[in-house]
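A.B. asks: Sequence first, predicted coordinates after that:
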Amino acid sequence: MEVNKWLYKQKFFEKWYIKFKRRLKARIPIFSNEWWNYTNFITVKIIQKHTFKLSLILDVGCGEGRILKDLVKSGRNVVGIDPSRILLNDAKCSLNKSWHADLILGVGEYLPFRSESFDAIICAATLEHLMSPMKFLKEAKRCLKKNHTICIKQGYEKRVRRPQADHMHGFTYQEIIKLLHDSNFTIIHISRIGNRALWTLTYLLQFIPLRKLWHKLFKIHVSLGYKNPKLAFLAIIIAKK
């Protein structure tokens with residue numbers, strides 16, 4: 001019953017949300033592309049440090065395949081799973097003929113794989129879309145090989161009264177850490193990125209034709225999270241089974 005309810009909601013919002021997202025991207029390409037490209041770049045670099053070439057990696061909620069594509073280019077074998085046919089098609093289109101990844105329609109709470117199948121699992125900006133994050137983490141642990149890692153990239157803000165339509169949950173930083181501890185994962189690395197105070201200013205300045213100033217502010221914005229983690233609002237966490 002819960003799965004049917006989730007699928008109904010996902011189907012209802014899918015077309016509207018993807019159209020809205022593409023319109024937004026067309027209007028503000030600088031901010032949306034720079035921010036996600038940067039955080040995905042860091043995520044891929046961190047994953048590369050914890051995996052080897054030819055490692056088998058599962059990307060849960062792979063979406064358009066931004067991280068998936070970069071991992072395939074780096075020589076990793078990647079399987080992507082997502083509940084959206086539209087986004088899976090986008091991911092397929094982003095791969096050229098010399099790159100290959102298996103793309104599967106499905107949800108994170110019910111992973112259709114054998115136990116201990118993967119060298120690493122990625123969950124990038126996906127926890128908030130899941131019906132049951134805890135159930136997903138249990139499934140991820142089942143599918144991970146012993147002593148191998150899961151990578152969680154997740155934004156965290158205080159809960160808002162009206163969350164986005166496609167978000168099932170909102171998290172604080174402490175709640176994300178608790179989820180991993182409660183699922184018996186051992187955290188071995190945390191990178192915290194961004195700055196809450198500069199987020200709005202960086203967003204607004206993209207509309208002013210001062211590209212150099214914007215890029216300078218953008219670099220400050222993303223680096224302040226490293227220098228002062230309390231100001232950050234996005235975490236990239238590596239945890240071991």
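C.D. replies: Received, thanks.

A.B. asks: what are the ranges of the helices in the chain?
C.D. replies: In the chain, the helices defined using DSSP state H lie at 2-27, 29-49, 66-73, 85-94, 133-143, 173-182, 196-205, 211-227.

A.B. asks: what sits up against the fourth one?
C.D. replies: With contacts defined as C-beta atoms under 8 Å, 6 or more residues apart in numbering, helix 85-94 is touched by 14-15, 18, 62-66, 68-69, 80, 82, 101, 103, 105. Glycine gets a C-beta too; all of them are placed from N, C-alpha and C.

A.B. asks: Alpha carbons of it, in PDB - could you do that?
C.D. replies: The C-alpha trace of helix 85-94 is given here as PDB (Å, rounded to 0.1, in the frame of the first residue of the first chain):
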ATOM      1  CA  ARG A  85      11.800   6.600 -17.200                       C
ATOM      2  CA  ILE A  86      12.300  10.200 -18.400                       C
ATOM      3  CA  LEU A  87      15.400  10.700 -16.400                       C
ATOM      4  CA  LEU A  88      16.800   7.200 -17.300                       C
ATOM      5  CA  ASN A  89      16.400   8.100 -20.900                       C
ATOM      6  CA  ASP A  90      18.300  11.400 -20.300                       C
ATOM      7  CA  ALA A  91      21.000   9.300 -18.600                       C
ATOM      8  CA  LYS A  92      21.200   7.000 -21.600                       C
ATOM      9  CA  CYS A  93      21.400   9.900 -24.000                       C
ATOM     10  CA  SER A  94      24.300  11.400 -22.000                       C
END
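
A.B. asks: Helix 66-73 and that one, what's the angle between them?
C.D. replies: If you take axes from the mean of the first three to the mean of the last three C-alpha atoms, to 10 degrees, helix 85-94 sits at 30 degrees to helix 66-73.

A.B. asks: per-residue confidence averaged over helix 85-94?
C.D. replies: The pLDDT scores in helix 85-94 average 89.
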